[in-house]
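[1] Model the structure of this input:
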Amino acid sequence: MVKKTTMMAPIRLRRNSFPAGVALVALLLGGCAIHREHHEPYPLGCHYFVQDDVARELHLPWGVRLLDQPLEGWPAIQQRSDVRRATTLTGQGEVDHPFGYWLRTAADSLEIGYPGGGGILLELAIHDARFRGTARPVGDALPPPAVIPEPRAYPVEMVWARCPDD
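    Residues are numbered from 1 along each chain as shown. Predicted structure coming up:
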């Protein structure tokens, strides 16, 4: 019996897919996202958006780093219990917008957003080393009512992987 072999086609990235390419390389070089060889306890660490049509439509950044530091200087959001700091992962480094805080809303779910309101609000359920849930544009991220009469929630997925500086 002759065994047939097939060759996989090379991965080709479009010029404007640099963030997706970097995320792919980070996952390949850094190990599988499912492996839990991180220094911080889960869900702390870095979570990267699956780069799909929704991510492109909402202009989502590469991902989010969840930190075990209390959020300070934002009295309105600090009225909720145990609000922690988050940073947004971009090609230019870590920034505080559109994501600057996170908190657990239940044992298996969390919320990630910007402490001043506006931007994108993520409501996510924890599934092993992935987050699945919704992203809703809020505040200044909403298009005028003539364009979209009612804001909608978009499905999003994130994977846990090594942070850029690990």
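
[2] now the strands for the chain?
    Counting by DSSP state E, the chain has strands at residues 45-49, 63-70, 84-90, 93-95, 101-106, 109-113, 119-127, 130-138, 154-161.

[3] got the phi/psi numbers for Val83?
    Note on Val83: backbone dihedrals following degrees, to the nearest 10 are phi -80, psi 130.

[4] What is the neighbour count of it?
    For Val83, the neighbour count with other C-beta atoms under 10 Å is 20. For the C-beta atoms, the positions are set from N, CA and C on the backbone; glycine is no exception.

[5] swap in Gln79?
    Gln79, neighbours per other C-beta under 10 Å, totals 8.

[6] can you tell me which residues contact Pro115?
    Listed by C-beta atoms under 8 Å, 6 or more residues apart in numbering, the contact set of Pro115 reads 71, 74, 76-77, 83, 100-101.

[7] still on that earlier bit, just name the most buried of the strands of the chain.
    Comparing the strands of the chain by mean neighbour count (mean count of other C-beta atoms under 10 Å), strand 45-49 comes out on top with a mean of 25.

[8] wouldn't Arg65 be in contact with Asp96 here?
    No - applying C-beta atoms under 8 Å, one finds Arg65 not in contact with Asp96, separated by 10.8 Å.

[9] top of the contacts of Pro115 by neighbour count?
    Neighbour tally across the contacts of Pro115 (other C-beta under 10 Å): the maximum, 23 neighbours, falls on Tyr101.

[10] For that one, name its beta-bridge partners.
    Per DSSP bridges, the residues bridged to Tyr101 are Arg85, Gly113.

[11] Quick check: it vs Glu57, distance?
    24 Å (C-beta to C-beta, to the nearest Å).
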